[in-house]
Each structure stands twice: as structure tokens, then as C-alpha cells.
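Undergrad: Make a model of this:
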Amino acid sequence: MYYYFILQQRILSRKMEELGLHPVMGYFLGILVFLGLSFYLFYKTTYAGYFYAAVGLSLTFGFGNKERNDFLKSTFPLASYRQLRAVENTLLEIPFVFFLYYKAEFLLAGGLLVAALLLSLFNSAGRLNLSIPTPFFRFPFEFTAGFRKYWLLYLVAYFVAWKAIDVDNFNLGVGSLAFVCLLAMSHYAVPENEYYVWIYNCTAQRFLAKKMATAWLYLSLLAFPMVLIMSIFFWDKSWILWLVLGLGLFLMGAIILAKYSAYPREMSLPQVLFFGLGVWFPPLLLIVMPLFYKRAVQRLNVYLQ
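TA: Numbering: from 1, shown residues only. The predicted structure is shown next:
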């Protein structure tokens, strides 16, 4: 079991090296980003503890993949397999648990750890023989797979939006809307198999236009009910909600261009940094996006011509 975790650490380090980042620097930046986002979340929202715990718990679902666990069961004795699942779930949740303790959220911290240990006993894909229906089947696959993987987080976002109305906290509602946009953008973070690009019978320019149009449509389906309901209760500030949604649609198009500018590889560190700076200061994307677009067309022409 010890060598399993050593192997996982080496795989993670090699992925950082592929991004052009030294592993030590990558771990250091990861810690800084984690702490920065954690402090920002608790600074901005009243119910950050619940949202924070839900995010931490949702990350364990990836470890519950049925195919992955079938492989582990065939590799390790059952007792070792159970220990491995419990240890990896615990290691993943430790940063969240420590930060919740730091914020004096003792009940949430303990509950998060217990829930993570309980989830180690199940496979996320095998607990229920149930396919979650989605409105995204017409144009697969990013939103279909992403929604079924993170549906719980979408529910949490809508719960936070409802609490924002309940306690008359507009900033909390804006935060929930921004989270929905960022969560939808995460569905495009990983490049798909080359076959799923090759099957399109169109030019690279047309392919990118289809991808962006589909993403804009589906993000609107996810976010529009939230924006509409909150606009009723925060009518005088509703323009901010529509502005945030518009910015989310703009960033969705940007991440699609960034993704395919590196295709079939994952985005490199410079691309991630440019995109991150663009999220922080959106006008910068007006300069970067044409570069992403030109590079994306060059990359996709290999598969679409």
C-alpha cells in the first residue's frame, strides 16, 4: 500500500513537470491557492462552512469510480483495499478538516471526516443503478458528464442562493452564481479523446463556434433560473446578476479557446496563468483570446481537415 501512494505522488509530480512547473514549486503554489481560496470563501459568505465541507466531500467521489476500484480490488487483498480507500479519502480531506478546525467549525470538520470514511466503503458509480436525467443530452458530452459528476455541487449552489434570499445577503447570491459559472467551466478543463474531435465534419472555425454555442446554451440553462429568481428579490441590484452571468459566458468561451489551443495536451502553465489573470482582470482576455483562437485553429486543423 505504501508503494501505491508513492506511485500516485510521482504521477502527480510528472503532470506538473509536463505543465513546465517544478514539483516543489507546484506543491507550494497549490498550498497558497488552497489557502487563498479558503480564506476568501469564509471572508465573503456567512454559510461558507457548509459550502466548504460540500466541496471537500465531493472531491472524494472521484476515488469511488467503479472501474478504478475494481482494479484496486484485483490488485490488493480486501483488507488492504479497505485501508487504502480509507487512507486516501482521509488524506484528501485533511486540508479541509484542518481549515474548518481553524475556523472553529468543529462539528462540520468531524462530520466531513466521518462522511469521507463512510464513502470509502462504496463505489460512486455502483451504489445506485440510476442514470441522472439531464437536459444536456442533445450535444454531449462535457455538460452531460460534468453535471452527473457534480450535480451535488449545483444543488449546494442553489441552496446557497436560496439562503442569500432568506437572509437578504446579495453578495452571497452573487457568489453562488459565480460558483455555478466556474463549475460549468470546469467541465472543459480536460481534453477529450481525439476521436471526439475527428467525428465532426466541419472546419476548425466551425467546430469552435459549435462548442462555444453549446456551452453558452447549457450554462444559461443552469444559471438562468437562479438569476431570474434572485432578480425578483434583489430587483434594484439585478443588473449585477446579469453582468456576472454575461461575464461567465464570456469566460466560458475563453476557456474553450484556451483548451483547444493546447489540444490534445492539457493546458500548459503559461496558458493557465494567462487565463487566470484574465479571470482576475477580464479585459486582458481581449488580448489573449485572439492568440488562443489562432493556436486552437492550428491544433484542430490536424484532426478536422
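
Undergrad: so how far is G111 from E93?
TA: 11 Å (CB to CB, to the nearest Å). (C-beta placed from N, C-alpha, C; glycine too.)

Undergrad: swap that for V272, please
TA: 33 Å.

Undergrad: now swap in Y81 and tell me
TA: 25 Å.

Undergrad: now L72
TA: For L72, the distance to G111 equals 26 Å [CB to CB].

Undergrad: Give me the distance from stretch 144-163 to the chain's centre.
TA: Averaging C-alpha positions (CA atoms, centre = their mean, to the nearest Å) puts stretch 144-163 11 Å from its chain's average.

Undergrad: and if you look at stretch 293-305?
TA: 25 Å.

Undergrad: Now do the buried residues in that stretch.
TA: Of the residues in stretch 293-305, Y293, R295, A296, V297, R299, L300, Y303, L304 count as buried by neighbour count, 16 or more other CB atoms under 10 Å.

Undergrad: Most widely separated two among those?
TA: Distance extremes for the buried residues of stretch 293-305: the farthest pair is Y293 and Y303 at 16.6 Å, using CB to CB.

Undergrad: so how far is the helix or strand where M16 lies off the chain centroid?
TA: Counting by DSSP states H and E, the element that carries M16 is helix 2-18. Helix 2-18 sits 21 Å away from the centroid of its parent chain (CA atoms, centre = their mean).

Undergrad: Which is the succeeding secondary structure element to that helix?
TA: Once helix 2-18 ends, the next helix or strand along the chain (criterion: DSSP H and E) is helix 23-44.

Undergrad: What is that next one packed up against?
TA: Judged by 3 or more CB pairs under 8 Å, 6 or more residues apart in numbering; DSSP states H and E, the packing partners of helix 23-44 are helix 2-18, helix 48-59, helix 78-102, helix 170-185.

Undergrad: Between E93 and G111, which contacts overlap?
TA: Counting by CB atoms under 8 Å, 6 or more residues apart in numbering, E93 and G111 have no common neighbour.

Undergrad: The two: which has the busier surroundings?
TA: E93 (23 against 15; other CB atoms under 10 Å).

Undergrad: Identify the residues contacting the most centrally placed residue in the chain.
TA: Centroid-nearest residue in the chain: S186, 3.9 Å away (criterion: CA atoms, centre = their mean). Applying CB under 8 Å, 6+ apart to S186 gives the contacts G146, Y150.
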